[in-house]
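Trainee: Model the structure of this input:
(2 chains)
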Amino acid sequence: MVRAGAETVRVPSVTGVRSPLTRPLPPPPAALRRGPLREGAFRSPLHDRELTVRIGRWLGIAFVTCFLTGLVSHYLQNPPFWLGSVPSRPIWGYRVSQGIHVATGIACVPLLLAKLWTVAPRLWSWPPVRSVLHALERLSVLVLVAAAIFEVVSGLVNIVQWYPWSFFFPRVHYYVAWVAIGSIALHLSVKAPLIAETLRTRQSPVDEQPLPSGSAHSDGRSTCDGQEDRFGRRGFLIAVGAAVATVTVVTVGQTLRPLAPLAVLAPRKPDVGPQGLPVNRTAVGADIRPVGPDYRLVVDGARPFSLSLAELRALPQHEAELPITCVEGWSANARWRGVRLRDLLDRAGAPDGASARLTSLEKDGLYRQSVVEGPHAADTLTLLALELNGQPLDLDHGSPVRLIAPNRPGVLQTKWVSRVDVL
Amino acid sequence: MSVLRYGLGALGVAAVLFGLRGLITGGVATNWPQPAIWLVLGVLGHDLILVPTVAAAGGVLARVVPCRVRGVVHGGLLVGAAVTLVALPVLSGKGDPRNPSLTPLDYPRNWLLVLGGIAVVTTVLAIARWFGSRSGGGQRTGSPGPSSPP
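Mentor: Here you go, the predicted model:
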């Protein structure tokens, strides 16, 4: 990123005449070159191309990881027509995928800032625009930086359910992710020769080469040139690694149970909540009151029927140990007990492999209904649960009846179920 | 190689356009002027607030902290700043107050404890550096001579 864009992007020119894209534009008046635009305005030895490549590599891996796990989550919640049914196993599939998504996103906070720091002077390069192609490249970098910051910040804010904006977070997070990953691909394509050159010529082992004479630090200011303990590239890499490790350790216990005691800055504790389990949407938040004796679970299919709570309890009960896995990145195992969904579907005369739509007592809300596709509906672990950890379900956990299925986002584990429709 | 390179670039442009189209045609769900504002705010916040703050802090530290321990001190501050940024949402007190399982911890206390831990580790490392580099000075100094400027 240190080199000029016009040097890094070569447009094939048949005639040898410069194409209009790369023709130099007149520079702006030199009098405007003030403040951060001054030559030598950035003195840190960390504005360094090799650091950019090294940290960029880690950041790139992190963003691709976030993108892929994000796609998993998006498609589970919005199944596209070409995908078919998602398997119900492994049980921990979504738990691992979404846990990685949020943990990697948190790790991106120091990684992204470190990466941007190594290229900070590029924002103030002079002249600001050298050619049309250079302008396009700078625009693409602007889009990349904006999308990357947006994804990390909006995700971080979402995990505490703080929505300081008026758009639907999952949708916007999804589309901006495409902008981010696309501009990363474009950026790699543009910078490929420079990255290759940097890797070819890198100093090994990294760091602690004295700065060349006449460089930023030799101006008589307090300097540590040539001294081993200045904050050089090696120290910077170690510190960034330590920052990634620290932010991970203090948060990842919200899904990685053995580290739960260390999750002192995580928005969730996997054992804090009613019946020792966190809650995403409370009964109060969903405007749900305890049901009376007139509650019926309606099952509609070829042979429709309805059940009172006592009749539900009289049916064969089954146990399953399944995690609740929230899109917000926390997860926790629990012991559930209730009626198998497939038993109800069989009784309603549903064909093998049928899907079902579950409807909640909620009057509105985006997750009032959810579809249980064939593989999940047929899975013997998929329950309409009446009990959690040996006690009747708490109202916040979906009393009287909730869905619990393996490998499924928490927002689709419909609570306060009142209706099952065979599809 | 260049087929791969230009192919990657073309795919990237296609992905960007797909994302932008989704934002613009998303109706009330995406409400595109809103994300547009937040996208711009993120860049401005980074380039005009965060980076100048870090640069200014670095300038002050360069005058105050002895060379010998500067690397360790900068590193400790970097880690502390990263933890603080990550903790801002839980420290903000935002979220749903009706949900006691959301942000259930004493975050200001925990944040200070984590910062304290970082400070302790940084101090220990700085002390080790201070005395270590006094006795074994110059061991790790890089080879002298000009290196190619970046």
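Trainee: For the rest of this, base every contact and every neighbour count on C-alpha atoms.
Mentor: OK.
Trainee: hmm, the longest helix anywhere in chain B touching chain A?
Mentor: Once chain B is assigned using DSSP state H, the helix that runs over the most residues is helix B:107-135. Yes: using C-alpha under 8 Å from any C-alpha of the partner chain, we find that helix B:107-135 touches chain A at B:107, B:110-111.
Trainee: what separates that helix from the chain centre, distance-wise?
Mentor: Distance of helix B:107-135 from the chain centroid (C-alpha atoms, centre = their mean, to the nearest Å) equals 19 Å.
Trainee: mind listing what's buried in stretch A:20-29?
Mentor: Within stretch A:20-29, the residues scored as buried using 16 or more other C-alpha atoms under 10 Å in any protein chain shown are A:22, A:24.
Trainee: quick one, helices of the chain?
Mentor: Looking at chain A here, since you left the chain open. Using DSSP H, helices in chain A cover A:5-8, A:49-77, A:93-118, A:120-123, A:132-158, A:169-201, A:233-249, A:283-286, A:309-314, A:341-347, A:374-378.
Trainee: actually it's chain B I care about, not the one you picked
Mentor: For chain B, the helices defined by DSSP H occupy B:2-24, B:33-44, B:51-64, B:67-91, B:107-135.
Trainee: Any of the residues of helix B:107-135 next to chain A buried? List them.
Mentor: Among the residues of helix B:107-135 next to chain A, the ones that count as buried by 16+ other C-alpha under 10 Å are B:107, B:110-111.
Trainee: Just want the most central residue of the chain.
Mentor: Going with chain A. The structure's chain A has its C-alpha centroid closest to A:His101; by C-alpha atoms, centre = their mean the separation is 4.2 Å.
Trainee: I was thinking of chain B, sorry if that wasn't clear
Mentor: Chain B, centroid-nearest residue using C-alpha atoms, centre = their mean: B:Ala82 at 5.0 Å.
Trainee: which non-adjacent residue is nearest the residue nearest to the centre of chain A?
Mentor: Leaving aside its chain neighbours, A:His101 sits nearest to A:Cys66 (5.0 Å; criterion: C-alpha to C-alpha, 6 or more residues apart in numbering or on different chains).
Trainee: Could you do A:Ala302 as well?
Mentor: In this structure, A:Ala302 finds its nearest non-sequential neighbour in A:Gly349, 5.3 Å apart by C-alpha to C-alpha, 6+ apart.
Trainee: And for A:Val143?
Mentor: Using C-alpha to C-alpha, 6+ apart, the closest residue to A:Val143 is A:Ser183 (7.0 Å).
Trainee: re earlier: now flag whichever of the buried ones among the residues of helix B:107-135 next to chain A is closest to A:Pro261.
Mentor: Ranked by distance to A:Pro261 (C-alpha to C-alpha), these are led by B:Asn110 at 11.9 Å.
Trainee: Against A:Leu262, how distant is that closest one?
Mentor: 10 Å (C-alpha to C-alpha, to the nearest Å).
Trainee: So for the longest helix of chain B, what gets flagged as buried?
Mentor: Per 16+ other C-alpha under 10 Å, helix B:107-135 contains these buried residues: B:107, B:110-111, B:114-115, B:118-119, B:122-123, B:125-126, B:129-130, B:133.
Trainee: can you redo the residues you listed as JSON lines with pLDDT?
Mentor: JSON lines is the format used below for these (pLDDT from 0 to 100):
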{"residue": "B:Tyr107", "pLDDT": "97"}
{"residue": "B:Asn110", "pLDDT": "98"}
{"residue": "B:Trp111", "pLDDT": "98"}
{"residue": "B:Val114", "pLDDT": "98"}
{"residue": "B:Leu115", "pLDDT": "98"}
{"residue": "B:Ile118", "pLDDT": "98"}
{"residue": "B:Ala119", "pLDDT": "98"}
{"residue": "B:Thr122", "pLDDT": "97"}
{"residue": "B:Thr123", "pLDDT": "97"}
{"residue": "B:Leu125", "pLDDT": "95"}
{"residue": "B:Ala126", "pLDDT": "94"}
{"residue": "B:Arg129", "pLDDT": "89"}
{"residue": "B:Trp130", "pLDDT": "89"}
{"residue": "B:Ser133", "pLDDT": "64"}
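Trainee: now, among those residues, which is nearest to A:Val372?
Mentor: B:Tyr107 (37.9 Å).
Trainee: so where's chain B uncertain?
Mentor: Applying pLDDT under 70 to chain B flags the ranges B:1, B:133-150.
Trainee: Report the contact partners of A:Gln413.
Mentor: By C-alpha atoms under 8 Å, 6 or more residues apart in numbering or on different chains, A:Gln413 lies in contact with A:370, A:402-405.
Trainee: Just the ones of the residues you listed in strands?
Mentor: Mapping the contacts of A:Gln413 onto strands (DSSP state E) picks out A:370, A:402-404.
Trainee: Quick check: of the residues you listed, which lies closest to B:Leu11?
Mentor: A:Ser370 (33.9 Å).
Trainee: Can you get me a residue count around the closest one?
Mentor: Counted with other C-alpha atoms under 10 Å in any protein chain shown, the neighbours of A:Ser370 add up to 19.
Trainee: can I get the CA coordinates of stretch A:357-372 in PDB?
Mentor: What follows is stretch A:357-372, C-alpha atoms only, in PDB (Å, rounded to 0.1, in the frame of the first residue of the first chain):
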ATOM      1  CA  ARG A 357     -44.900 -24.300  10.100                       C
ATOM      2  CA  LEU A 358     -45.000 -23.400  13.800                       C
ATOM      3  CA  THR A 359     -46.900 -20.400  15.000                       C
ATOM      4  CA  SER A 360     -46.300 -18.600  18.300                       C
ATOM      5  CA  LEU A 361     -48.800 -16.900  20.600                       C
ATOM      6  CA  GLU A 362     -46.900 -13.700  19.800                       C
ATOM      7  CA  LYS A 363     -49.200 -11.200  18.000                       C
ATOM      8  CA  ASP A 364     -46.500  -9.900  15.800                       C
ATOM      9  CA  GLY A 365     -42.700 -10.000  15.400                       C
ATOM     10  CA  LEU A 366     -40.400 -11.200  12.700                       C
ATOM     11  CA  TYR A 367     -39.900 -14.600  14.400                       C
ATOM     12  CA  ARG A 368     -43.600 -15.300  15.200                       C
ATOM     13  CA  GLN A 369     -43.600 -18.200  12.800                       C
ATOM     14  CA  SER A 370     -40.900 -20.600  11.600                       C
ATOM     15  CA  VAL A 371     -40.700 -23.400   9.200                       C
ATOM     16  CA  VAL A 372     -39.300 -26.700  10.300                       C
END
